[in-house]
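Peer 1: Here is a sequence with its predicted model. Questions after.
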There are 2 protein chains.
Amino acid sequence: MPEAAAPRDPGSSALLTDLYQLTMLLAYREQRMNDTAVFEFFVRKLPQGRNFLIAAGLEQVLDFLEKLRFAEDELDWLRDQRRFPRDFVDELRRLRFTGDIHAMPEGTIFFPHEPILRVTAPLPEAQLVETRIINILQLQTIVASKAARCVLTAPDKLLVDFGLRRAHGAEAGLLAARAAYLAGFGGTATVLAGQRFGIPLYGTMAHSFIQAHSDESLAFEHFARAHPENTVLLIDTYDTEAGAAKVVALARRLKQEGIVIQAVRLDSGDLGAHARKVRRILDDGGVPEIRIFASGGLDERILHDLLACGAPIDGFGIGTSLVTSEDAPALDCAYKLQEYAGLPRRKRSEGKATWPGRKQVYRTYDRAGGLGGDVITLETDAYPGEPLLEPVMTAGRRVAPTPPLDQIRGRTIAGMGKLPPSLRGLERAEPLPVAISSQIKALAAEADRISLSTPPT
Amino acid sequence: MPEAAAPRDPGSSALLTDLYQLTMLLAYREQRMNDTAVFEFFVRKLPQGRNFLIAAGLEQVLDFLEKLRFAEDELDWLRDQRRFPRDFVDELRRLRFTGDIHAMPEGTIFFPHEPILRVTAPLPEAQLVETRIINILQLQTIVASKAARCVLTAPDKLLVDFGLRRAHGAEAGLLAARAAYLAGFGGTATVLAGQRFGIPLYGTMAHSFIQAHSDESLAFEHFARAHPENTVLLIDTYDTEAGAAKVVALARRLKQEGIVIQAVRLDSGDLGAHARKVRRILDDGGVPEIRIFASGGLDERILHDLLACGAPIDGFGIGTSLVTSEDAPALDCAYKLQEYAGLPRRKRSEGKATWPGRKQVYRTYDRAGGLGGDVITLETDAYPGEPLLEPVMTAGRRVAPTPPLDQIRGRTIAGMGKLPPSLRGLERAEPLPVAISSQIKALAAEADRISLSTPPT
């Protein structure tokens, strides 16, 4: 077993793509189709129950594009497959991403049909990167959008991502922590997200810690002594209220030594009912400063119900529902060719027709600063309002350093404050007006003429 | 930007864990709690609509455990956080996984409460690996279990994983391809899964390839000439039946040059209706050898309906629903302490109580070789039937080389053949009998006495 070499990140492999990208690259090469292509990434429709989406993942897309190259062992493997001509594989060695990227900044609220990312590059380059771009943007966008619903539901509570174990693999766990923080969560339990992104870390204890001791009170005390400044005790392993009573006795004793218990965690049963009983036990026991943290199968709807009935809970650990976006684990999203060799392009497949051309989205606000509506038009048009897409990469290099994650987070939270009240709720509301400009519609008619095909039925 | 060093795989980082694992490790250390712990991974209940699960992911768990160590930069970062004492971080440098693993072989059919993996190791080691073990096993198990439903629905069709773009990140895409193949899929479009696991690769073309040409027929011809032995043409970009007619004309012309078109792909609209029309166009056009492949929002229920109405489709590309296990994107699963320092342990949290002790699952078959029922009992008991858990790692090293993926796949398919007909269907059926032995129940009572706590309410 070779232990010296660190395993390569699958996310950095140029082979993390669909086979058809390579087969198309070969055909493009044989036809010398190397002109400039424009692809856009957009969402076709909102997932069930959602009123808006939060753009996220741009940073990882730019990183992927800057580093894109085939490794020698990957090229060797491709040659060995004998699926592609040798000289084609040899050319892949030199392939780099040399194009331009326009995108909405991370944390921007967006709606269906609005491109959040545009790729302008020689056709083979723009084609090859399709799969991984969708893969990155979808993941963080669904998690950030789910997280935003939790944040809007419980704006004054500490929300912590507890989802790594139920995330779909390593990268999903790591990037879900990032997406949730970007959308307003207070932190994560995932240590690697602390190291890589500087996200605040939170942690308590597991049931196994209690179980490994023969006495629950002793387990609490051992933990508190090991973490005198940061003790959160899990009290539901055997009996929640009995656990709370043990915490009271321990807290009063440890206080004399200067050890403070910060909080207790509830993880099962009727969290609202337990929280009320535990709050009373703590208050009556003379330790009202101990806070209550809850976890266990939470999502934004359960948060809403707990808060609506006044459950005295100070913070929530949210895992599975957040990191898998459990009620909507995928986006109906696409990365589509909108222009090639200077001519507009569109597909007209049933139910999946696209709008051609290089687009811009203009956003207008009402007098109170609230979101008014969007217009999707061509980049070359001028509309009133704030243009949402901006240049972020030119000739394969970022145009500016990545903004700090905390800055993105602040902008996201500010953006959510501009949502009309109806769109902040958990139920589907009347959508924000998003218009397709007449210029785009005219270009679609032109694209249909160019494709020389029968009109759509 | 340092471009020389390949980015480290987040899945190989010891920091890809919950903060509480490290806080518990510190407390264990201060109390010298280093005795042998036994944890088991199991599923609490079947996801909606599922009748069984397929164990998958063991190979990646064993790889993770063999390679587990903290890297120097990770230790440096931990020290800089000042969250943990310096000597504790120094000790983490020497941490390796030295324990034993018992597990069901990958591809084994299993049911709720049956452990599919058992960890026996010094408490801190067994504790630390919890998060990543759940993360790995859940992902591949949900995808393999979803894939199995597709395979049982369309056993005679070519099924191909098309899901990378909608998978939750890089590792999810890569391992979903593995899990689907393991459960009987014919292959994947994910090139990296071909390189890493030897899974057969399939690919066609994207709409962008057609759109980049000003003429659909010309696009078809360019593709066929670039891939004379492996041409699948996507015919729904503008008008499906018009596309089929163009394929007929092209196929007849190219046949004279020895170029064969293998198949057409449908990706939108009423796939059954289009398939019937396209089949007739191809047959009437004298190219009955061209097969029909379908994709676009498919899942096992749509497969079932298409086959039930006799749609002439030869193969299916299945993406989003498969790789996200869209109708059940998470498992209610757990990794729980069952024994510590020679004594049985259990939690009794409401709705989440566990059975203590080191367990074995015995499976019996009826006379025709069909699955009869399971008994979950203690490892030390002897029951009739086939024991499902076997030793796979001793003192931190695999006991045998990993079986080839094709062998696992063959065993999985054979196992599905032993399912009672009711459990092969897509609707929830009467569950297979799974008994908890009286020995386990007696041990649970003993564990409750040991925990010295009030009885469960």
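Peer 2: Done, it's in. Numbering: from 1, shown residues only, chains lettered A, B, ... in the order given.
Peer 1: To what extent is A:Ala308 buried, counted in neighbours?
Peer 2: Neighbour count for A:Ala308, taken as other Cβ atoms under 10 Å in any protein chain shown: 10. Yep, even glycine has a C-beta here, placed from its N, CA and C like the rest.
Peer 1: Now the phi/psi pair for it, please.
Peer 2: Per-residue torsions, A:Ala308: phi -60, psi -30 (degrees, to the nearest 10).
Peer 1: Find me the pLDDT at it, would you?
Peer 2: Turning to A:Ala308, the model gives it a pLDDT of 97.
Peer 1: Over to A:Arg358?
Peer 2: Reading off the model, A:Arg358 has pLDDT 97.
Peer 1: Equivalent analysis for A:Leu19, please.
Peer 2: Taking A:Leu19 on its own, its pLDDT is 97.
Peer 1: Contacts only, for the closest residue to it other than its chain neighbours.
Peer 2: Spatial nearest neighbour of A:Leu19, chain neighbours left out: B:Gly203 (3.0 Å); criterion: Cβ to Cβ, 6 or more residues apart in numbering or on different chains. By Cβ atoms under 8 Å, 6 or more residues apart in numbering or on different chains, B:Gly203 lies in contact with A:18-23, B:189, B:232.
Peer 1: what's the answer for A:Trp77, then?
Peer 2: Residues near A:Trp77 by Cβ under 8 Å, 6+ apart: A:15, B:195.
Peer 1: following the host helix or strand of it, which helix or strand comes up?
Peer 2: Element membership for A:Trp77 (DSSP states H and E) is helix A:72-81. Moving toward the C-terminus from helix A:72-81, the next helix or strand (DSSP H and E) is helix A:86-92.
Peer 1: interface residues of the stretch 51-200 of chain A facing chain B?
Peer 2: Selection of the stretch 51-200 of chain A residues close to chain B by Cβ under 8 Å from any Cβ of the partner chain yields A:66-67, A:71, A:74, A:77, A:81, A:83, A:123, A:127, A:130-132, A:134-136, A:138-139, A:162, A:164-176, A:189-192, A:194-196.
Peer 1: Now, the residues you listed that are in helices?
Peer 2: Those of these mapping onto helices are A:66-67, A:74, A:77, A:81, A:123, A:127, A:130-132, A:134-136, A:138-139, A:170-176, A:191-192, A:194-196, per DSSP state H.
Peer 1: Any of these buried? List them.
Peer 2: Neighbour counting by 16 or more other Cβ atoms under 10 Å in any protein chain shown classes A:74, A:77, A:123, A:127, A:130-132, A:134-136, A:138-139, A:170-176, A:191-192, A:194-196 among those as buried.
Peer 1: ok, the closest residue to A:Leu53 other than its chain neighbours - how many residues close by?
Peer 2: Sequence neighbours aside, A:Ser145 is the residue nearest to A:Leu53 in space, at 4.6 Å (criterion: Cβ to Cβ, 6+ apart). Residues lying near A:Ser145 (other Cβ under 10 Å) number 26.
Peer 1: Quick check: A:Ser145 touching A:Ala55?
Peer 2: No. Assessed by Cβ atoms under 8 Å, A:Ser145 is found out of contact with A:Ala55, at 9.1 Å.
Peer 1: State the phi and psi torsions of the spatially closest residue to A:Glu114 that is not a sequence neighbour.
Peer 2: Once flanking residues are discounted, A:Glu114 sits nearest to A:Val361: 4.8 Å by Cβ to Cβ, 6+ apart. Per-residue torsions, A:Val361: phi -120, psi 130 (degrees, to the nearest 10).
Peer 1: Tell me how many other residues surround A:Val361.
Peer 2: Number of residues near A:Val361 (other Cβ under 10 Å) recorded here: 24.
Peer 1: Which pLDDT does the model give it?
Peer 2: Note on A:Val361: pLDDT of 98.
Peer 1: My guess is A:Thr36 contacts A:Val119. True?
Peer 2: No. Assessed by Cβ under 8 Å, A:Thr36 is found out of contact with A:Val119, at 10.3 Å.
Peer 1: Show me which of the two is the more surrounded one.
Peer 2: Comparing A:Thr36 with A:Val119 by other Cβ under 10 Å, the one with more neighbours is A:Val119, at 27 against 15.
Peer 1: so who does that one touch?
Peer 2: Applying Cβ under 8 Å, 6+ apart, the residues near A:Val119 are A:37-41, A:99-101, A:126, A:129, A:133, A:335.
Peer 1: ok, now A:Gly243?
Peer 2: Neighbouring residues of A:Gly243 by Cβ under 8 Å, 6+ apart: A:216, A:233, A:235-237, A:264.
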